[in-house]
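1. after the sequence you'll find the predicted model.
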Amino acid sequence: MMEFDGRKYLAAKEPGQKLVVDAGFTCPHGRCTFCDNAAFHPSYGSSSKSIAQQLDEGIAFHAARGRSSGPYLAYFQSFSNTFAPLERLKEAYGEALAHPAVSGIVIGTRPDCVDAEKLDFIASLGCARMEYGIESCRDETLLRVQRGHDFACAENAVRETARRGIPVCGHFILGLPGETRETILEDVASINALPLDSVKFHQLQILKGTPMAEEFAARPGDFVRWTLDGYIDLLVDILERLRPGIAVSRLAASVPPRFLAVPGWGVRASEFHHLLDQRLTRRKTWQGRLF
Ligand code: SF4
């Protein structure tokens, strides 16, 4: 039986503590219907401050919680962090890398916001990782949530990134409108075919004030709502199908309850992972068993 570091799935090992940075980038097509960037901002990350100041405050934030003394990664998480001319990217990434405690950067972006020139530059840094919001493998879903790109665009961006030796992560949302347990499990084959080093999965959270909250109110039948128990079983089904070499960076999300239009499960991350480990053991299964 394949086991990974005592776990039954390959948990991603971050090479440092991430410090979220908002460099003031935006997104190209307005907003995706599920998105509210404010829900994911730590208190220290604000584009009204310099990148250096955000990093200093982020280090203090984590130190106050006894979390880390480094090394640190500047995490360009908010909005689309390659949606600007190359010179602007050089400036922003350069400011982060000039911070003495920062050893690398993680760039969250959209697949339609990279090109050969930008990827060549990012590869030349030698310490950058990319995280693409792919969200779904289905064009009809991507259209419905107003992503503004199709799955072929994501495939191309991931391949071009991996080809340059840049570590690449894909982010997927489980439960977008029109998708079901069956379609999600079918789509694991498309994820496996991408040259991804790691993946992030999380359940759809319906956030207040978003177009998706309105859509959910109008057509609730289009959405699968996971109970905690049902979601853990879904994750086990996904992990069984997932290529063994893909590291898993995230399995669930929880934004502060004040942002939620539909209440969450109220479960702590440690409890969640314990439940998942228990379920994998009970089902006598592991990542890649059905790959
Ligand atoms: S591209 Fe990302 S940050 Fe921008 S609106 Fe869509 S989900 Fe939000």
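-> Looks like it arrived, so ask away.
2. ok, the residue positioned nearest the centre of the chain to Ala63 distance?
-> A centroid search over the chain (C-alpha atoms, centre = their mean) returns His171, at 4.0 Å, as the residue closest to the centre. Taking C-beta to C-beta, to the nearest Å as the measure, His171 falls 28 Å from Ala63. For the C-beta atoms, the positions are set from N, CA and C on the backbone; glycine is no exception.
3. repeat that for Gly221.
-> Taking C-beta to C-beta as the measure, Gly221 falls 48 Å from Ala63.
4. next: Arg31.
-> 33 Å.
5. what's the answer for Val267, then?
-> On the measure of C-beta to C-beta, Val267 and Ala63 end up 27 Å apart.
6. go on, Arg159?
-> Taking C-beta to C-beta as the measure, Arg159 and Ala63 are separated by 39 Å.
7. cool, Arg225 as well?
-> When Arg225 is compared with Ala63 (using C-beta to C-beta), they lie 39 Å apart.
8. wasn't His171 part of a strand?
-> Yes: inclusion of His171 in a strand is indicated when DSSP: H, G, I helix; E, B strand; the rest coil is applied.
9. that one bridge partners, please.
-> Going by DSSP bridges, His171 is paired in beta bridges with Gly133, Lys200.
10. pretty sure it contacts Tyr132?
-> Yes: using C-beta atoms under 8 Å, His171 is in contact with Tyr132, at 6.6 Å.
11. write out the residues of the protein neighbouring the ligand.
-> The chain comes close to the ligand at residues 27, 31-32, 35, 37, 79-80, 110, 133, as judged by C-beta under 6 Å from any ligand atom.
12. out of those residues, which is most surrounded?
-> Neighbour counts for these were taken using other C-beta atoms under 10 Å; the highest belongs to Arg110, which has 25 neighbours.
13. for that residue, give me phi and psi.
-> The main-chain torsion angles of Arg110 are listed as degrees, to the nearest 10 and equal phi -100, psi 150.
14. once you drop chain neighbours, what's closest to it?
-> Taking C-beta to C-beta, 6 or more residues apart in numbering as the measure, Arg110 lies nearest to Ser80, with 4.8 Å between them; neighbours along the chain are not counted.
15. who are the contact partners of the one you found?
-> Ser80 makes contacts with 25-28, 108-110, 113, as judged by C-beta atoms under 8 Å, 6 or more residues apart in numbering.
16. read off the pLDDT value for it.
-> According to the predicted model, the pLDDT of Ser80 comes to 97.
17. ok, now the one 5 residues further on?
-> pLDDT for Pro85: 98.
18. near it, how many other residues are there?
-> 10.
19. surely Pro263 is in contact with Ser254?
-> No: counting by C-beta under 8 Å, Pro263 does not reach Ser254; the two are 11.2 Å apart.
20. looks like Ser249 contacts His202 (just checking).
-> No: if you go by C-beta under 8 Å, Ser249 and His202 don't touch, sitting 10.4 Å apart.
21. mind telling me what element His273 is part of?
-> For His273, the element it lies in under DSSP states H and E is helix 269-282.
22. can you list contacts of that helix?
-> Where contact means C-beta under 8 Å, 6+ apart, the residues beyond helix 269-282 that reach it are 7-9, 228, 232-233, 235-236, 239, 251-252, 254, 267, 286.
23. run through the neighbouring helices and strands of whatever helix or strand Ala157 lives in.
-> Counting by DSSP H and E, the element that carries Ala157 is helix 151-163. Helix 151-163 is packed against helix 116-125, strand 128-135, strand 168-174, with contacts defined by 3 or more C-beta pairs under 8 Å, 6 or more residues apart in numbering; DSSP states H and E.
24. for the ones you listed, which one ends up most surrounded?
-> When neighbours are counted by mean count of other C-beta atoms under 10 Å, the highest per-stretch mean among those falls to strand 128-135, a mean of 24.
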